[in-house]
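J.: show me the folded form of this:
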Amino acid sequence: MATFEEQTECIVEALFSDLSGEDGSDCRSLETDWGDPVQSAGEPPTRFDPVVVASRLRQMGDQCNMDFEKCNMISSEALAEVLKGKMEKFGAAVESLSRSWSNQNPELVYERVFLSVSVKLLMHVAKKIPSVVQPRQLINAINGNSQVRSYIEACGGWENLDN
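T.: Numbers count the residues shown, from 1 in each chain. Prediction:
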């Protein structure tokens, strides 16, 4: 079974394939493409399909109604840098926006806000400056946030993260 980091990587690669118009089939594991998943004796069956999870993340991003260009929620230097194409600040910008948004909307779960904002911001920058956007930026942001990882694991893993 793949680690959380490996699953995140495959999900983000599938998301990027979707965003770039590719079919994403190269990210699908043989375990999910060819009938019953391969598993060791005594292990529960795995239903992890990165394309399905990537689609859920895309929907979460699409539902995010944040306008990054007019974002007066916070004055974030990191966000300003990312909007100029300096993607090394991507994780800090997502963290800042997510904290601010969930503090202002306590009914929203921070971890879901984080995932939604990270996908939306990545899609926003990809439309403006596609040459600066790489899968590693989103992979690092998700894998580097222990609170988001704990939330996903508490849901039963990526495959049980609903939208």
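
J.: how about stretch 104-123 as PDB, C-alpha atoms only?
T.: Presented in PDB, the C-alpha positions along stretch 104-123 are these (Å, rounded to 0.1, in the frame of the first residue of the first chain):
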ATOM      1  CA  GLN A 104     -13.800  34.500   9.800                       C
ATOM      2  CA  ASN A 105     -16.100  31.500   9.000                       C
ATOM      3  CA  PRO A 106     -16.000  29.200  12.100                       C
ATOM      4  CA  GLU A 107     -18.500  26.900  10.500                       C
ATOM      5  CA  LEU A 108     -15.900  25.800   7.900                       C
ATOM      6  CA  VAL A 109     -13.400  23.100   8.700                       C
ATOM      7  CA  TYR A 110      -9.900  24.500   8.400                       C
ATOM      8  CA  GLU A 111      -8.500  21.400   6.700                       C
ATOM      9  CA  ARG A 112     -11.100  21.500   4.000                       C
ATOM     10  CA  VAL A 113     -10.600  25.200   3.600                       C
ATOM     11  CA  PHE A 114      -6.800  24.500   3.200                       C
ATOM     12  CA  LEU A 115      -7.400  21.900   0.500                       C
ATOM     13  CA  SER A 116     -10.000  24.200  -1.300                       C
ATOM     14  CA  VAL A 117      -7.800  27.300  -1.200                       C
ATOM     15  CA  SER A 118      -4.700  25.400  -2.200                       C
ATOM     16  CA  VAL A 119      -6.300  24.000  -5.300                       C
ATOM     17  CA  LYS A 120      -8.100  27.200  -6.200                       C
ATOM     18  CA  LEU A 121      -4.900  29.300  -5.800                       C
ATOM     19  CA  LEU A 122      -2.900  26.800  -7.900                       C
ATOM     20  CA  MET A 123      -5.600  26.900 -10.700                       C
END
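
J.: report the buried residues of it.
T.: The neighbour-count check on stretch 104-123 (16 or more other Cβ atoms under 10 Å) flags 110-123 as buried. Glycine gets a C-beta too; all of them are placed from N, C-alpha and C.

J.: quick one: contacts of the helix ranked longest in the chain?
T.: Looking across the chain with DSSP state H, the single longest helix is helix 110-128. With Cβ atoms under 8 Å, 6 or more residues apart in numbering as the test, helix 110-128 has contacts from 15, 19, 57-58, 60-64, 66, 68, 82-83, 85, 87, 90, 93-95, 97-99, 101-102, 105, 132-133, 137-138, 141-142, 145, 147-148, 151-152.
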